[in-house]
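Peer 1: Return a 3D structure for these sequence lines:
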Amino acid sequence: MSNLLKLAIPLLNSDIKLSDIDSTTGFVGAYFEDINKPYLTDHMFLMYDDAVKGNNVAKRFYKLSKLNSCYGKRIVTIKGKLYTVYIFTINSTIKRLRDGNIMLSVDQKQRILDFWDHKDPWITNNVLLGTMYEHPEPQVLPEEDYVPEWPGDEEGEALF
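Peer 2: The predicted structure is shown next:
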């Protein structure tokens, strides 16, 4: 995950915690762009592996689905594996970060530091010093596998 996304996730919604983006919940990655949905320009995507099961996954599913900034969710197939992608509407602070403007308030810096709980030395050092931005290539959600919606679509036949 890019350092830019590490800054953006804590600012996405105050109810998202570090435990929501760890391996026990199936977290795979965060992205600013979806090659399959290019019209979703002011959104951020959190992708989770559907093969991971357990109580943490159920809690995450319910919690993220109910957040006010959650635009929606969808199931995608990438290289034969199923993933759930949560789509979040991003706020003006994250838009500015994505576009290269790093002006963060003290409260926003504190929120980022509290979120990562000083477990990421890059975040701790650079948020405090204010030297935290290198303009990386945008993180793009991988392309989905083609899955026809209806078997027999290629002949124009319906199932019914």
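Peer 1: And for residue 94, nearest residue in space, chain neighbours not counted?
Peer 2: Nearest non-adjacent residue to residue 94, counting by C-beta to C-beta, 6 or more residues apart in numbering: residue 8, 4.9 Å away. Glycine gets a C-beta too; all of them are placed from N, C-alpha and C.
Peer 1: quick one: the one you found and residue 96 touch, right?
Peer 2: No. Contact status for residue 8 versus residue 96: not in contact, 10.4 Å apart, counting by C-beta atoms under 8 Å.
Peer 1: Give me the more crowded residue out of those two.
Peer 2: residue 8 (23 against 14; other C-beta atoms under 10 Å).
Peer 1: any idea which helix or strand carries that one?
Peer 2: Here residue 8 sits within helix 3-12, counting by DSSP states H and E.
Peer 1: do you know how far the one residue sitting closest to the centre of the chain is from residue 114?
Peer 2: A centroid search over the chain (C-alpha atoms, centre = their mean) returns residue 46, at 2.4 Å, as the residue closest to the centre. As defined by C-beta to C-beta, to the nearest Å, residue 46 lies at a distance of 19 Å from residue 114.
Peer 1: any idea of the pLDDT on residue 139?
Peer 2: pLDDT for residue 139: 69.
Peer 1: just to revisit the earlier point, alpha carbons of the helix holding residue 8, as PDB, please.
Peer 2: Only the C-alpha atoms of helix 3-12 are listed here, as PDB (Å, rounded to 0.1, in the frame of the first residue of the first chain):
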ATOM      1  CA  ASN A   3       2.200   6.000   1.800                       C
ATOM      2  CA  LEU A   4      -0.500   8.200   0.300                       C
ATOM      3  CA  LEU A   5      -3.200   5.600   1.000                       C
ATOM      4  CA  LYS A   6      -1.800   5.100   4.500                       C
ATOM      5  CA  LEU A   7      -2.500   8.800   5.100                       C
ATOM      6  CA  ALA A   8      -5.900   8.600   3.500                       C
ATOM      7  CA  ILE A   9      -7.500   5.600   5.200                       C
ATOM      8  CA  PRO A  10      -7.600   7.200   8.700                       C
ATOM      9  CA  LEU A  11      -9.300  10.300   7.200                       C
ATOM     10  CA  LEU A  12     -11.900   8.200   5.300                       C
END
